[in-house]
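Asker: got a sequence here, can you model it:
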Amino acid sequence: MRVGVLMPDGKVADVNYAYAALLSSKGSIKPQQMADVITPANMIGLIESGETGKDAIGEAMAFLAENTAAAGPQGERILYAQDEIKFEAPVPNPSKIFSIAINNKQKFEIADKPEAPHPLYFIKVPTCITGPYDPVEIPDIGVVGSEAEVAFVIGKKGKFIPEDQAESYVYGYTVHNDITAHELRDTKEWIVSKRPEGDKRLTYAGRYKCFDTFAPMGPWLTTADEVPDINNVEINAYVNDKLVQTGNTGDMFFKIPLLVNYLSGAHTLLPGDIVSWGTVQRPIEGVNFQKIDLRGWGGVLITEASGLGTIKNPIKAI
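Answerer: Below is the predicted model:
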C-alpha cells in the first residue's frame, strides 16, 4: 500500500514519487532516497515525519499542479484517477485503536456515573479495520448496528500530555463506523458476579465490538490544519439511502484535548494510534438506534462526515 494525496482536480497523487520528482527537478542527489525519508510511502512513516512531511507534501502538490506529466525518478507514474485505485483504510495497522464509549451528550448526561465523571473507552484490535469501500462482514450473531463517528489520529509519541498541548499531538481526522453487535452484547457478552455486597452485571467489549471488518474507515486522513472546526462536523449514516443516524461532533461530551490527556495518562500514545470519538444519536423519526439491523437489511452502509469524506461499505452476511 502507498500513500496518496487528493489533488484539487480530484486525482490522487503518489506522495512519495511526487516529492522525489520535485527533488529530481531541482537536481538533488539521490532524490528517491531523500523522498523515502521525508515522505515515506507508508502512512505511519509519513505521520512520523510530522510538519516536515506535511510541508513536503504541499511543495509536491504545487509542483504537480504545474507539471502534470511529471514522473518519478525511474519513470514511476504519479497521478491516478480515483476509480483506478484500491482504497485501503488510511492507517491500516495502528498499534492501538481507542473507542470512546457513551460520549454523546444526550446519553452521557442522563446516565448513572461516578461523582467525578471521566471518559470511558474500550480498545479495538487492528483486524477490525477495513477499507472505506470494502464489505463489512457480519456473522449470524443477531442485530448488528451502525455507530457513525469521527476518529482522530495521533501524530507523535506522548505520555502524560497536558490538555493545553494535546492538539499538537493530533495529526488528522477520518470517518469511522464502530460497528456493534448490540444483541450479542445484551444476550451473551455478560456475566453476573456474585458478591457479598450485591450482584454486579459485567460486560466487556472484546467480542461484540471487535469482529473482523467492524471498523471501516477512510477514505482520507484529513490533516488537522485542513479542518476549520472539528467541533462542528455533521455526521450521518444511511443504510440503502435510509437515514439511520445523524448528529454533530458538537454533541460529544468529552472534547479531544481532554481525551488525549486522559488516554496518555495510562498509555503511551504512538504515531498512527486511532481514537474513535463516539457515535451520534440524535432522534430520527421511525428509527430505533438499537434496532438498526445491518445483516437483516443488507445493502450498503454509508457513513459521512462533512468536510472529511464518505465511506460506502457493502453489507456481507457470512
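Asker: please identify the buried residues of the biggest helix by length in the chain?
Answerer: Counting residues, the longest helix in the chain under DSSP state H turns out to be helix 50-66. Going by neighbour count (16 or more other C-beta atoms under 10 Å), the buried part of helix 50-66 is 53-54, 56-57, 59-61, 63-64. Every C-beta, even on glycine, is put in place using the N, C-alpha and C of the backbone.
Asker: doesn't residue 238 belong to a strand?
Answerer: Yes - according to DSSP: H, G, I helix; E, B strand; the rest coil, residue 238 belongs to a strand.
Asker: figure out how far the helix-or-strand element of the chain with minimal mean pLDDT is from the centre of its chain.
Answerer: The helix or strand of the chain with the poorest confidence is helix 105-108; it has a mean of 76 (mean pLDDT, DSSP states H and E). Distance of helix 105-108 from its chain centroid, counting by C-alpha atoms, centre = their mean, to the nearest Å, is 22 Å.
Asker: same check, this time on stretch 9-19
Answerer: 21 Å.
Asker: circling back: just the CA trace of the least confident helix or strand of the chain, in CSV.
Answerer: This file holds the C-alpha atoms of helix 105-108, laid out as CSV (Å, rounded to 0.1, in the frame of the first residue of the first chain):
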residue,chain,number,x,y,z
LYS,A,105,-24.1,14.5,25.5
GLN,A,106,-27.7,13.5,25.4
LYS,A,107,-26.9,9.9,26.6
PHE,A,108,-24.0,10.7,28.9
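Asker: list the buried ones in the next helix or strand after it?
Answerer: The helix or strand immediately downstream of helix 105-108 is strand 120-124, counting by DSSP states H and E. Under the neighbour-count criterion of 16+ other C-beta under 10 Å, strand 120-124 has 121-122, 124 buried.
Asker: and the contacts of strand 120-124?
Answerer: Strand 120-124 is contacted from outside by 96-102, 178, 204-206, 209-210, 214-215, 263, 276, using C-beta atoms under 8 Å, 6 or more residues apart in numbering.
Asker: count the neighbours of residue 231 for me.
Answerer: Residue neighbour count, defined by other C-beta atoms under 10 Å, stands at 12 for residue 231.
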